[in-house]
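Peer 1: here's my sequence, what's the structure:
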Amino acid sequence: MTHTTNTPDEGDRRAASGRPALPELMRAARAQLAELTGLQPETVTRFEKTEDGWLLEAEVLELARVPDTMSLMALYELVLDHEGLLTGYRRIGRYERAKGNQ
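Peer 2: All right, here's what the predicted structure looks like:
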């Protein structure tokens, strides 16, 4: 019989509570939004715990233009449950990249 010991860095990325760790939650939220919208989040600008799970805001490139500073960006709000499953999302703003989110 062979016995193997897992180090903390191997395989399971869950926090000690058994729930997903923060980086895992962020990756899962970005992947779920991309799957649903076809848009790849560039950055997460807000990430906070709520009573029902997690609330994130992510910047997404909605329309690429030349020059890049004229590209249209959008800010999406993502709602996740405690396990990191996306339960809702909405676009809360749209702006040109050069102007930033005002």
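
Peer 1: kindly state the pLDDT recorded for residue 18?
Peer 2: What the model reports for residue 18 is a pLDDT of 71.

Peer 1: need the three-state assignment for it.
Peer 2: coil (DSSP: H, G, I helix; E, B strand; the rest coil).

Peer 1: going forward, begin numbering at 30 instead of 1
Peer 2: OK, 30 is where the count begins now, so the last one is residue 47.

Peer 1: for burial, what's the neighbour tally of it?
Peer 2: Residues lying near residue 47 (other CB atoms under 10 Å) number 8. Quick note: C-beta positions are derived from backbone N, CA and C, even for glycine.

Peer 1: dump the residue contacts of it.
Peer 2: Residue 47 is in contact with no residue at all, counting by CB atoms under 8 Å, 6 or more residues apart in numbering.

Peer 1: contacts only, for residue 115.
Peer 2: Counted by CB under 8 Å, 6+ apart, residue 115 has contacts 57-58, 61-62, 65, 107-109.

Peer 1: cutoff 7 Å now
Peer 2: Taking CB atoms under 7 Å, 6 or more residues apart in numbering as the criterion, residue 115 is in contact with 58, 61-62, 107, 109.

Peer 1: so which of the residues you listed comes closest to residue 96?
Peer 2: Proximity of the contacts of residue 115 to residue 96 (CB to CB) peaks at residue 62, which lies at 26.1 Å.

Peer 1: packing partners for the helix or strand hosting the closest one?
Peer 2: Under the criterion of DSSP states H and E, residue 62 resides in helix 51-66. Helix 51-66 makes packing contacts with strand 70-79, strand 82-92, strand 101-109, strand 115-125 when contacts are defined by 3 or more CB pairs under 7 Å, 6 or more residues apart in numbering; DSSP states H and E.

Peer 1: include distance to residue 53 when you put these into CSV, please.
Peer 2: Formatted as CSV, these follow (distance: least, CB to CB, whole Å):
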stretch, distance to residue 53
strand 70-79, 12
strand 82-92, 11
strand 101-109, 11
strand 115-125, 14
